[in-house]
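**Student:** after the sequence you'll find the predicted model.
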Amino acid sequence: MSEEVVERLRESHDGTDGVNLDEVPIVVAVYHEAVRESTTPGEFVSYAVADPGSSLGGWTELDETHHFFPSNAASDAVTGDADRFNEFHMELNSYFDDHIGATAIGYYQNSELRELTITVPIRFQSKMETIAVTQQVASLIDERFSSNVDIVAKVRSNDQQEALIRRPAGEEVDVYIYD
């Protein structure tokens with residue numbers, strides 16, 4: 001089927017409409033969609049490239065997965081990362097009276113954590129409380145997670161995002177607090 005898609009694309013854009021796809025590589029990918037109720041997105045399974053003017057080449061298998069933290073599935077599949085997230089979550093809660101129900105989605109390539117997206121919902125009313133939570137999250141990210149992982153943390157109140165914390169792999173933490 002993929003061969004036919006590439007063929008049809010090249011035929012429908014053969015230069016007569018001002019676009020010539022014979023001169024462009026075409027990438028075809030297979031994506032496994034997650035079930036509707038899933039807390040994680042789907043994953044790319046494989047891809048193939050049709051170089052300019054040629055048909056589809058061989059398929060390259062991809063090893064991509066996503067894990068939701070905290071969850072039993074993550075604890076079973078990626079125990080060390082699940083433990084690190086649980087420690088992060090417990091330590092964050094130890095600093096504040098209200099329980100903070102942080103969650104995260106980890107993106108893995110070849111069984112290695114590459115990206116971690118953390119959501120920290122808060123119920124605080126004052127800007128000082130938001131700043132305190134944001135500073136604590138930023139500090140714990142540096143303490144608890146490997147520096148070779150891209151991390152984004154979003155501090156959210158009921159109706160809007162209050163702060164963004166970013167730490168690209170190998171770099172320092174950047175903190176943005178919104179007005």
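**Tutor:** Structure's in. What do you need?

**Student:** tell me the helix or strand right after the lengthiest strand in the chain.
**Tutor:** Identified as the longest strand of the chain according to DSSP state E is strand 112-121. Per DSSP states H and E, strand 112-121 leads on to helix 127-144 as the next helix or strand towards the C-terminus.

**Student:** helices along this protein, start to end?
**Tutor:** 2-12, 72-77, 79-94, 127-144 (DSSP state H).

**Student:** off-centre distance for the longest strand of the chain?
**Tutor:** Averaged C-alpha coordinates place strand 112-121 at 7 Å from its chain's average position (C-alpha atoms, centre = their mean, to the nearest Å).

**Student:** give me the angle between it and helix 79-94.
**Tutor:** 20 degrees (axes from the mean of the first three to the mean of the last three C-alpha atoms, to 10 degrees).

**Student:** which helices and strands sit right next to strand 112-121?
**Tutor:** strand 103-109, helix 127-144, strand 150-156 (3 or more C-beta pairs under 8 Å, 6 or more residues apart in numbering; DSSP states H and E). Backbone N, C-alpha and C define where each C-beta goes, glycine included.

**Student:** can you rerun that using 6 Å?
**Tutor:** strand 103-109, strand 150-156 (3 or more C-beta pairs under 6 Å, 6 or more residues apart in numbering; DSSP states H and E).

**Student:** pull up the pairing partners for it, direction included.
**Tutor:** Here strand 112-121 is paired, per DSSP bridges, with strand 103-109 (antiparallel), strand 150-156 (parallel).

**Student:** for that strand, which positions count as buried?
**Tutor:** By 16 or more other C-beta atoms under 10 Å, the buried positions in strand 112-121 come out as 113, 115, 116, 118, 120.
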